[in-house]
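Visitor: got a sequence here, can you build the structure:
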Amino acid sequence: MNLKNRIILILGGTGSVGGATAKFLEREGATVVCHGLNSGEWRADLSKDGEAKRLINAISAKYGRVDVVINSIGASLKLAPIEKKNWDDYQAQLEVQLRAAVEITSAVAPIMKNDKKGIILHVITSGVDEVPSHMIDYLTAKYALIGFARASERELARFGIKVLYIKPRFIKNDFTRDMPEKAVEMMEAKGEVTTPEEVAEEIWTTLKS
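Guide: Here you go, the predicted model:
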């Protein structure tokens, strides 16, 4: 995949993974639009009605199209056993992780269908395979996002649109700063920790495949 002059929207583009990915893809010649929750030209609260459509329409008006969407939105962790979690915790995770994906996909699909091509890539992050404890609300939302990615891929493939997802190792950044230090050290010893820059390279490799 040649990224020269491609219009790429990165959801969570002001975060560590999104920022690293933006720098990587810009070096490859892409035009990168970095979405942020509270800052930057392309700020939008994707948990609110109409914000995703407004964002996509603004990008389309400026650049004429959206070629790729990379969903790297992160959700903060609140570590607690299952009996200490309530529905509000689950709903908060779903609002951050799943709703943004649903709203953006719905908003960008008509543009990509018209162009008969496009890529939507979700960064699922760590945990979905080994399932660490005390993160049940976070992981429930991640599994829901995987289900959405797989279902939307099936529906959109006939229009030339790819829906992909990656599952990088544990990403050491601000969103995971509340993880116990000893647990992080154990994962580092087993080679299960990655960096935002390494995730950016994995995103690029996946886009090329």
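Visitor: strands of this protein, residue ranges please.
Guide: Taking DSSP state E as the criterion, the chain contains strands spanning 7-11, 31-36, 42-43, 68-71, 118-123, 161-166, 170-171, 193-194.
Visitor: give me the mean pLDDT for stretch 149-165.
Guide: What stretch 149-165 shows for mean pLDDT is 97.
Visitor: start to end distance for that stretch?
Guide: According to C-alpha to C-alpha, to the nearest Å, stretch 149-165 extends 7 Å from its N-terminal end residue to its C-terminal end residue.
Visitor: before we move on, back to that, the strands of the chain: lowest mean pLDDT?
Guide: Taking the average pLDDT of each of those, the minimum falls on strand 170-171, with a mean of 69.
Visitor: residues contacting Glu198?
Guide: The contact partners of Glu198, by C-beta atoms under 8 Å, 6 or more residues apart in numbering, come to Pro168. Backbone N, C-alpha and C define where each C-beta goes, glycine included.
Visitor: check what pLDDT it gets.
Guide: With respect to pLDDT, Glu198 scores 88.
Visitor: what do you get for the one 4 residues further on?
Guide: Per-residue confidence at Glu202 stands at 91 (pLDDT).
Visitor: got it, and the one 5 residues further on?
Guide: According to the predicted model, the pLDDT of Leu207 comes to 90.
Visitor: got the contact list for the closest residue in space to Lys117 that isn't next to it in sequence?
Guide: Across the structure, with C-beta to C-beta, 6 or more residues apart in numbering as the measure, the residue nearest Lys117 apart from its sequence neighbours is Gly160 (4.5 Å). Taking C-beta under 8 Å, 6+ apart, we find Gly160 in contact with Met112, Asp115, Lys116, Lys117, Gly118.
Visitor: reformat the strands of the chain as CSV; add mean neighbour count and distance to Asp49.
Guide: Conversion of the strands of the chain to CSV gives the following (neighbours: other C-beta atoms under 10 Å; distance: least, C-beta to C-beta, whole Å):
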stretch, mean neighbour count, distance to Asp49
strand 7-11, 25, 17
strand 31-36, 21, 17
strand 42-43, 16, 16
strand 68-71, 26, 19
strand 118-123, 23, 21
strand 161-166, 18, 23
strand 170-171, 20, 30
strand 193-194, 20, 35
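Visitor: please name the residues that touch Glu26.
Guide: Glu26 sits next to Val32 when contact means C-beta under 8 Å, 6+ apart.
Visitor: same question, Leu156
Guide: Applying C-beta under 8 Å, 6+ apart, the residues near Leu156 are Ala109, Met112, Lys113, Ile120, Lys162, Val163.
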